[in-house]
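Undergrad: fold the following.
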Amino acid sequence: MTLNAVPVSVLSVTVHVQYPSKILLAIGKVSGSFEIWLFDISSREFDKLGSYYAHDYVVSVFPLFFWS
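TA: Below you'll find the predicted structure:
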């Protein structure tokens, strides 16, 4: 995994009731992009779910996802 040191403008943390061992992180960067990460508490592993450019859009991160 590569770590980038960049200013963060928004951080959203979501825990689903049915999956308390998994945490979704939405990290908004000053550049206008944001990344979605899934953290598995039991295995202590991060998985990057996606990286998106949203500089020209209004982004709402609540609710972040509807898990089924």
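
Undergrad: please make it C-alpha for all contacts and neighbour counts, starting now.
TA: Fine.

Undergrad: where's Tyr53 relative to Ala5, distance?
TA: Distance, Tyr53 to Ala5, using CA to CA, to the nearest Å: 18 Å.

Undergrad: the most centrally placed residue in the chain: which element?
TA: In the chain, the residue lying closest to the centroid (CA atoms, centre = their mean) is Ala26, at 2.3 Å. Remark: Ala26 resides in strand 19-29, with elements defined by DSSP states H and E.

Undergrad: do the same with Glu35
TA: Assigned by DSSP H and E, Glu35 falls in strand 33-40.

Undergrad: residue contacts, the closest residue to Asp40 other than its chain neighbours?
TA: Leaving out its chain neighbours, the residue that sits closest to Asp40 by CA to CA, 6 or more residues apart in numbering is Lys22, at 4.6 Å. With contact set as CA atoms under 8 Å, 6 or more residues apart in numbering, Lys22 has these partners: Val15, His16, Leu38, Phe39, Asp40, Ile41.

Undergrad: the closest residue in space to the fourth one that isn't next to it in sequence: neighbour count?
TA: Once its chain neighbours are removed from consideration, Phe39 has its nearest residue in Phe46; the separation is 4.5 Å (CA to CA, 6+ apart). Counted with other CA atoms under 10 Å, residues neighbouring Phe46 total 16.

Undergrad: so Phe46 touches Leu38, yeah?
TA: Yes - assessed by CA atoms under 8 Å, Phe46 is found in contact with Leu38 at 5.7 Å.

Undergrad: for Tyr52, give the beta-bridge partners.
TA: Phe34 (DSSP bridges).

Undergrad: and what of Lys48?
TA: Bridge pairing for Lys48 - DSSP bridges - gives Trp37.

Undergrad: quick one: contacts for it?
TA: Contacts of Lys48 by CA under 8 Å, 6+ apart are Glu35, Ile36, Trp37, Leu38.
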